[in-house]
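In: quick one, fold the following:
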Amino acid sequence: MGSVQQRIIVVALIAAFVLLYLLQPILMPFLTGMLLAYMGDPFADWLEERGLTRRISVVLVFLSLSFMFVLFLLFLIPLLGKQLSLIQEFIPVAVHWLKSTAMPLLEQYTGVEENAFELDAIQKAITGHLSQAGSLAGAIIKEVGQSGMALIGAVINIGLIPVVTFYLLLDWDRLKLKVLSLFPRRYQAKTEALALECDEVLGSFIKGQLLVMLCLSVIYATGLWLVGLKLALLVGLVAGLASIVPYLGAIIGIGAGLLAGWFQFGDWLPLVWIALVFGVGQLLESFALTPLLVGDKIGLHPVTVIFAIMAGGQLAGFVGVLIALPVAAVVMVLLRHLHDYYKDNDEPNTAYLSGRPESDESMDTDQ
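Out: Predicted coordinates:
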């Protein structure tokens, strides 16, 4: 690669990063649409292989995504609102248990007084936040009066998501070829190989892990509902979403489930059933869901996942959270190839590796 090409690539990369930083406020609908198009493209390709045109395939996939989103809004959000109201009922019971049982034991063994925790103030703060969360419509109406332009901008951004998704999904294959053609011809084969490897990692993680999270949410929520837990939907959904990091969902879910079960039932037997639900979920995830839906080519360590999400949120807010895992997967692939390139171009000292220093060879030659 010539020096002029290298300078052009460096300038283009710097300009791209600067533009991404400056355009953060308007990137959300485009990145969300890109993610949805990336997830829907395999289904559109599958329909094309069965004789449908690209446009009809995209319309069917787009309608399916829209139906699932509308179903989510109509079914889950009202149920989650009821779950939040149930938490408000549990808070006085939990505070009473802390005052009557837990705090005397803590004061007896550690000497910490009950007043040090200000439980009444904590109860009022939590109840106030839950009340605000439960009256979402009122908060939106209030926001309309205070900052109408900001709300209009948010509505426009949300409305752009389906438009961007549709057109990206329609031209996804052509866009990939156009992006590939931007690279010098001598590097297009290597670039395509790297892109396919990145796609394999991203496909295994994003598409597969999202399906695993969805299945675990259904398993946990259904199992806890059969046990009789009132907060089954909320605990199951949180545990399923937290399963983006291996074992984190089970840890959070079983902790929240046992806590909610103790305050609801006040008996040990339901707690055993709750623990059994999460045990069955972990067995299904380890031996069925992850091998079938994700495979063994993720390549992202759980600590890397946590760091990537937190770093993305810190650097670019919600946009950073959206692109954190795809960027981490691509960077991991590139670093692995860079490391292989570094090792392949390393020229080891053959004399040293053979166990005979060069000085000894020179001495033998002189003799």
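In: in stretch 208-222, what counts as buried?
Out: Neighbour counts using 16 or more other C-beta atoms under 10 Å place 208-209, 212-217, 219-221 of stretch 208-222 among the buried residues. Backbone N, C-alpha and C define where each C-beta goes, glycine included.
In: and if you look at stretch 280-297?
Out: Within stretch 280-297, the residues that count as buried by 16+ other C-beta under 10 Å are 281-282, 285, 289-290, 293-294.
In: ok, residues contacting that stretch?
Out: Contact with stretch 280-297 is made by 200-201, 204-205, 208-209, 211-212, 215-216, 219-220, 223, 239, 243, 247, 250, 253, as judged by C-beta atoms under 8 Å, 6 or more residues apart in numbering.
In: one more time with 6 Å
Out: By C-beta atoms under 6 Å, 6 or more residues apart in numbering, the residues outside stretch 280-297 that reach it are 200, 204, 208-209, 211-212, 215-216, 219-220, 250.
In: what does stretch 258-268 give?
Out: Residues outside stretch 258-268 that contact it (C-beta under 6 Å, 6+ apart): 90, 93-94, 229-231, 270-271, 274.
In: which residue comes closest to Phe166 once chain neighbours are left out?
Out: Nearest-residue entry for Phe166: Phe62, 5.4 Å, with adjacent residues in sequence omitted and distances by C-beta to C-beta, 6 or more residues apart in numbering.
In: and the one you found, how many neighbours?
Out: Using other C-beta atoms under 10 Å, Phe62 has 19 neighbouring residues.
In: where does pLDDT dip in the stretch 251-367 of the chain?
Out: Within the stretch 251-367 of the chain, the segments meeting pLDDT under 70 span 295-300, 318-319, 322, 346-367.
In: residue ranges with poor pLDDT in the stretch 1-150 of the chain?
Out: Scanning the stretch 1-150 of the chain with the threshold set as pLDDT under 70 gives 1-3, 5, 99, 102, 106-108, 110-150.
In: which stretches of it form strands?
Out: All residues of the stretch 1-150 of the chain lie outside strands when identified by DSSP state E, counting those that start in this stretch.
In: may I have the secondary structure class of Ala250?
Out: Put simply, Ala250 is helix when judged by DSSP: H, G, I helix; E, B strand; the rest coil.
In: the residue nearest to Phe166 and Ala37: what is the separation?
Out: Distance check for Phe62 against Ala37: by C-beta to C-beta, to the nearest Å, it reads 9 Å.
In: ok, longest helix in this structure?
Out: Taking DSSP state H as the criterion, the chain has its longest helix at helix 302-344.
In: tell me which other helices or strands that one touches.
Out: In terms of contacts (3 or more C-beta pairs under 6 Å, 6 or more residues apart in numbering; DSSP states H and E), helix 302-344 is packed against helix 24-49, helix 185-202.
In: nice, that's everything, thank you.
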